[in-house]
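Enquirer: Generate coordinates for the sequence data below:
(chains A, B, C and D)
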Number of protein chains: 2
Amino acid sequence: MIEEDLHLEVLRLLEREPDMSQRQLARALGLSVGKTHYALKAVLDRGWVKAQNFRRSDNRSAYLYQLTPSGLQEKARLAYGLLQRKRAEHEALMTEIEQLRVEVQNAKPADEPPTP
Amino acid sequence: MIEEDLHLEVLRLLEREPDMSQRQLARALGLSVGKTHYALKAVLDRGWVKAQNFRRSDNRSAYLYQLTPSGLQEKARLAYGLLQRKRAEHEALMTEIEQLRVEVQNAKPADEPPTP
DNA sequence: AAATGTGCGTTCACGGGGTGAACGAAGGCC
DNA sequence: GGCCTTCGTTCACCCCGTGAACGCACATTT
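Expert: As a prediction, the model looks like this:
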């Protein structure tokens, strides 16, 4: 996963649930606490998220990780960049699938069930 | 890159040019000689490729890496598996793009040039 | 024939990067 | 007070790809 995508995912998760621990965040991201910690540090250092000291007794979360205005803006920018990349990926994938279809068709002994 | 895809790519390249050195193969795969060496060893161990002692004076290649009949069959099987995976990937990508499109659209301040 | 050069297959010390156990700190509970 | 839990943080560990380096076999040069 590209670093930009990781930051975007962090921003998305924290916007929905600012009261997440780093371990919850790690589980949601499918990453280790170490990697998650440094990803969170990255968005904090960039000023996209502000950590407010805050401890609730019910879930023990130590901080509120709240998106800053620039964080919201960055989230949109990252999402747009990702969209563009996904669109390019989509086009590449289409031609790749077509080439694969031809390759598979040619390799077939011509008496098998047709590819759906 | 999944190991299966690597094996398929090796089979494709060797079918087209059996007189490739491991370094040529590595360059074509975009990998190191080490990784390439072990990928080649894998297809040799599986019996998909047979190495024939063969040295030509013009290009110094030491072996001919020829696909066996089972290698040809495996190449078709791997290609078909890859096609199926690519199709699934395509569907996932479509929904992801649609979700991203909505997300980007919603984040827009409503007075910007439209997304093409 | 000997020396040198080139390309071969093979190996392995190195480094980048993710992991998760472990740490001290801080609050809740008895 | 003592104990437990969860917090953020760190860092030794491991996985895995890399590419320099090795020994070898032939070609070329001296």
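Enquirer: Residue ranges in chain A under the pLDDT threshold?
Expert: Low-confidence segments of chain A (pLDDT under 70): A:56-60, A:110-116.
Enquirer: Get me the contact residues on it for DNA strand C.
Expert: A:31, A:32, A:33, A:34, A:35, A:55, A:57 (C-beta under 7 Å from any atom of the strand). In short, each C-beta sits where N, CA and C put it, glycine included.
Enquirer: Buried only: go through the residues you listed for me.
Expert: Neighbour counting by 16 or more other C-beta atoms under 10 Å in any protein chain shown classes residue A:31 among the residues of chain A next to DNA strand C as buried.
Enquirer: out of the residues of chain A next to DNA strand C, who's nearest DNA strand C?
Expert: Comparing the residues of chain A next to DNA strand C against DNA strand C with C-beta to the nearest atom of the strand places residue A:34 closest, at 2.2 Å.
Enquirer: how about the helices in chain A?
Expert: Assigned by DSSP state H, chain A shows helices spanning A:3-16, A:22-29, A:33-45, A:69-107.
Enquirer: Please state the offset of the last one from the chain centre?
Expert: Centroid separation for helix A:69-107 versus its chain: 14 Å, with C-alpha atoms, centre = their mean, to the nearest Å.
Enquirer: Buried residues, that helix. List them.
Expert: In terms of neighbour count (16+ other C-beta under 10 Å), helix A:69-107 has its buried residues at A:71, A:74-76, A:78-80, A:82-83, A:86, A:93, A:97, A:100-101, A:103-104.
Enquirer: just the second one next, same as before
Expert: By neighbour count, with 16+ other C-beta under 10 Å as the criterion, the buried positions of helix A:22-29 are A:22, A:25, A:26, A:28, A:29.
Enquirer: Quick one: residues in contact with it.
Expert: In this structure, residues lying in contact with helix A:22-29 by C-beta atoms under 8 Å, 6 or more residues apart in numbering or on different chains are A:6, A:9-10, A:13-14, A:20, A:32-33, A:35-37, A:39-40.
Enquirer: ditto for stretch A:79-94
Expert: A:4-5, A:8, B:86, B:89-90, B:93-94, B:96-97, B:100-101, B:103-104, B:107.
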